[in-house]
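Trainee: Sequence first, predicted coordinates after that:
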Amino acid sequence: MSKPELKPVPQIQKIIAVLWPSFIIAGMATVGFFTFFDPVQLLHLEVSNEAAYSTGFFIFWLLTLSSSLLTLYFQLPTHYIPPPPIIDQSPDDL
Amino acid sequence: MKQAKNTQTVSVDDVQQTLYAKRQKIHPRKVSGLFAKLKVTSVLVLLGIFYIFPWLQWDGKQAVLFDLPARQFHIFGLTFWPQDFIYLAFLLIIAGLSLFFFTALAGRLWCGFACPQTVWTEVFLWMERMVEGDRPQRIKLDQSPLNARKFRLKATKHTLWIVFSLFTGFTFIGYFTPIHDLLDRLYPFSLGGWEAFWLFFYGFATYGNAGWMREQVCTYMCPYARFQSAMFDKDTMIIAYDEARGEPRGSRKRGVDYKEKGLGACIDCTMCVQVCPTGIDIRNGLQYQCISCSACIDICNDVMDKMGYAKGLIRYTTEHSLEGKEVHILRPRIFVYGGFLLFLLGLLIYAIGIRNPIQLDVIRDRASLYRETSQGLIENVYVIKAINKDSVPHTFELTASGIEGLKVVLDREIAVDAGSVLDVPISLVVNPNYLTDRATTISFKLTAKDNPELSNEEEARFLGPNYR
Ligand code: SF4
Ligand code: SF4
């Protein structure tokens, strides 16, 4: 039996990791938000509910998406130059 | 310095490599057999439900309609309101817990037979097979350079996919807008902007997920696939290859006594890998990519039949039974999940049982705090939202209490149809002598005239001048 090994993270996995969780959370937030607030009463605007729900959803998605994007960004590996081996001594010893 | 430079190159290379790890396209081979038949049945039933439900009528209305503009969900004569959100939340928790329960018991049955991703992918695969042929032809076609034939086949396939996807998107929005009305507005095309947008959005998601993404959805997008291992133990039903019987694998002629040659039952034909929609080799043991579709069981049984061996080299089993140990179906995990499930179900049934079909919302008129009438009484103005979730119409009586002599002034009957809301502007008047405070909490009560047991109360504030 071959041993499982960790495979490198493919591009598609990163795209999904940004778009998809943010989509789910935005969906939940939309449902939660509009369950408690009727957009027509909330805004006193002449918009249809479909438009309000849809716009609400995309605003939520924009927010969650930016957060996901930042997560991805901060996850990027950093460069590192290892310092030389250090001998413990103070300037006085020199 | 040299070393430093090296480190840098390596890390950049690493990033490059991880960015561009490529996916191998998977061409699952066609399978037939017991589980394939079960799967076809499951796909037909589930898709049947999805595509037919919006067309059903109930009491002259669409039977299943999530009427967003009216903020009501209709499900076969039942009406749900935003205030019923709690039931939905309950239902979702129960659904989640059931998934835990069944996963612990029977593994990923859901993935293999009921998940929308599986169901739609299966349909897309049928179309693909119809146009391009089975696995060997598809691989050949994909490797061949673009010519007229390839173009024709690919174009046909994608046209089929797209038409089916658009139909799916149409059905989807039919759950939110009356579907007969939508159909009428399809030609000449006069859908609203957002309707059209969601039709294409959902259609595109179907096309992308079932046509292109396929097993990647299960591998990368599905949260359940990621944490299912937490619900698994050695007594969970899984699809597994019987290593003890199969190994050492190796090819041989039919009728040869393989045991004499020192071989196991697996003829290493790789059929199980070719049919696998997620492109793994089940012989490597339990892997999280395996969606328990049982295609490999069917095909390996065929192979065993042809070789004249006993079936079941790959089969539904448990790790304990593979190790020759005792299998425990009733185990603590099952009791814990099952207990929670029963408890929540009981709670939901209780909650629905005591659900009050009468609801009352009180909104204070924001324009004025209070008013003095010509008779020197103090008046407050409100809008009462009387909600009747019952299945019959009711006429209501409205009373208010909390201050002595508080009187409701109302210029009409509060008659509310089944499943509707009525906004009634009303006012309350009281003799200022009885007002002790600037703001007093009062209570409205709405009672059905034909059934005094049907009632609900709601608190509000009554404002008056300051007397202190
Ligand atoms: S289909 Fe059965 S016999 Fe063929 S390689 Fe797979 S396990 Fe072995
Ligand atoms: S290993 Fe078998 S059961 Fe699992 S996904 Fe592949 S074909 Fe289906």
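Mentor: Looks like it came in fine. Ligands and ions are numbered 1, 2, ... in the order given.
Trainee: Output the contacting helices and strands for the helix or strand B:Leu105 falls within.
Mentor: In this assignment (DSSP states H and E), B:Leu105 forms part of helix B:85-106. Judged by 3 or more C-beta pairs under 8 Å, 6 or more residues apart in numbering or on different chains; DSSP states H and E, the packing partners of helix B:85-106 are helix B:332-353. Just so you know, the C-beta spots here come from the backbone N, C-alpha and C atoms, and that holds for glycine as well.
Trainee: The closest residue in space to B:Phe90 that isn't next to it in sequence: neighbouring residues, count only.
Mentor: In space, and not counting its chain neighbours, B:Phe90 is closest to B:Leu348: 4.8 Å by C-beta to C-beta, 6 or more residues apart in numbering or on different chains. By other C-beta atoms under 10 Å in any protein chain shown, the residues close to B:Leu348 number 16.
Trainee: Okay, now the unreliable bits of the chain?
Mentor: Just going to use chain A. A:1-4, A:43-46 (pLDDT under 70).
Trainee: not quite, I wanted chain B
Mentor: Using pLDDT under 70, the flagged stretches of chain B are B:1-23, B:467-468.
Trainee: which residue sits farthest out from the middle of it?
Mentor: B:Gln375 (60.4 Å; C-alpha atoms, centre = their mean).
Trainee: Help me confirm that it is found in a helix?
Mentor: No - per DSSP: H, G, I helix; E, B strand; the rest coil, B:Gln375 lies outside any helix segment and is coil.
Trainee: ok so, going back, specify the angle between the helix holding B:Leu105 and helix B:332-353 in degrees.
Mentor: For helix B:85-106 against helix B:332-353, the angle by axes from the mean of the first three to the mean of the last three C-alpha atoms, to 10 degrees is 160 degrees.
Trainee: Any buried residues in stretch B:437-455, and which?
Mentor: The neighbour-count check on stretch B:437-455 (16 or more other C-beta atoms under 10 Å in any protein chain shown) flags B:Thr440, B:Ile442, B:Phe444, B:Lys445, B:Leu446, B:Thr447, B:Ala448, B:Leu454, B:Ser455 as buried.
Trainee: circling back to that earlier point, how close does the residue farthest from the centre of chain B sit to ligand 2?
Mentor: Using C-beta to the nearest ligand atom, to the nearest Å, B:Gln375 is found at 81 Å from ligand 2.
Trainee: separation between B:Gly169 and B:Tyr51?
Mentor: B:Gly169 sits 12 Å away from B:Tyr51, going by C-beta to C-beta, to the nearest Å.
Trainee: neighbour-wise, which of these two wins?
Mentor: B:Gly169 (21 against 14).
Trainee: I figured the more buried one hits B:Gly203, correct?
Mentor: Yes - counting by C-beta atoms under 8 Å, B:Gly169 touches B:Gly203, with 3.2 Å between them.
Trainee: Okay, and the residue nearest to the spatial centre of chain A sits in which element?
Mentor: Residue closest to the mean C-alpha point of chain A, counted by C-alpha atoms, centre = their mean, is A:Ser68 at 0.9 Å. Using DSSP H and E, A:Ser68 sits in helix A:49-75.
Trainee: tell me which residues of that helix are tucked away?
Mentor: Within helix A:49-75, the residues scored as buried using 16+ other C-beta under 10 Å are A:Asn49, A:Glu50, A:Ala52, A:Tyr53, A:Ser54, A:Gly56, A:Phe57, A:Phe60, A:Trp61, A:Thr64, A:Leu65, A:Ser68.
Trainee: thinking again about what came up before, can you identify the element that follows the helix holding B:Leu105 toward the C-terminus?
Mentor: Per DSSP H and E, the first helix or strand lying C-terminal to helix B:85-106 is helix B:109.
Trainee: name the helices or strands packed onto the longest helix belonging to chain B?
Mentor: Longest helix in chain B by number of residues (criterion: DSSP state H): helix B:148-173. Applying 3+ C-beta pairs under 8 Å, 6+ apart, we find helix B:148-173 packed against helix B:34-52, helix B:116-132, helix B:179-184, helix B:193-206.
Trainee: how about the third one: buried residues?
Mentor: Residues of helix B:179-184 classed as buried by neighbour count (16+ other C-beta under 10 Å): B:Ile179, B:Leu182.
Trainee: try the last one
Mentor: Under the neighbour-count criterion of 16+ other C-beta under 10 Å, helix B:193-206 has B:Trp194, B:Glu195, B:Trp198, B:Leu199, B:Tyr202, B:Gly203, B:Ala205, B:Thr206 buried.
Trainee: Which of these sits closest to ligand 2?
Mentor: Ranked by distance to ligand 2 (C-beta to the nearest ligand atom), these are led by B:Thr206 at 21.4 Å.
Trainee: In contact with A:Ala26, which residues?
Mentor: A:Phe57, A:Phe58, A:Phe60, A:Trp61, A:Leu63, A:Thr64, A:Leu65 (C-beta atoms under 8 Å, 6 or more residues apart in numbering or on different chains).
Trainee: what separates the third one from chain B, distance-wise?
Mentor: Distance of A:Phe60 to chain B, computed by C-beta to the nearest C-beta, to the nearest Å: 15 Å.
Trainee: pretty sure that residue contacts A:Phe34?
Mentor: No - counting by C-beta under 8 Å, A:Phe60 does not reach A:Phe34; the two are 10.3 Å apart.
Trainee: and chain B, which residues reach ligand 1?
Mentor: B:241, B:246, B:266-272, B:283, B:299-300, B:303, B:313-314 (C-beta under 6 Å from any ligand atom).
Trainee: If we use 5 Å, what do you get?
Mentor: Neighbours of ligand 1 within chain B, by C-beta under 5 Å from any ligand atom: B:Cys266, B:Ile267, B:Cys269, B:Met271, B:Cys272, B:Cys300, B:Val303.
Trainee: so which of the buried residues of stretch B:437-455 comes closest to ligand 2?
Mentor: Ranked by distance to ligand 2 (C-beta to the nearest ligand atom), the buried residues of stretch B:437-455 are led by B:Leu454 at 54.1 Å.
Trainee: rewinding a little: A:Ala29 is nearest to which of the helices and strands packed on helix B:148-173?
Mentor: Nearest to A:Ala29, of all those, is helix B:193-206, at 17.7 Å by C-beta to C-beta.
Trainee: If you count contacts, what does the closest one end up packed against?
Mentor: Judged by 3+ C-beta pairs under 8 Å, 6+ apart, the packing partners of helix B:193-206 are helix A:49-75, helix B:148-173.
Trainee: Try it again at 10 Å.
Mentor: helix A:49-75, helix B:116-132, helix B:148-173 (3 or more C-beta pairs under 10 Å, 6 or more residues apart in numbering or on different chains; DSSP states H and E).
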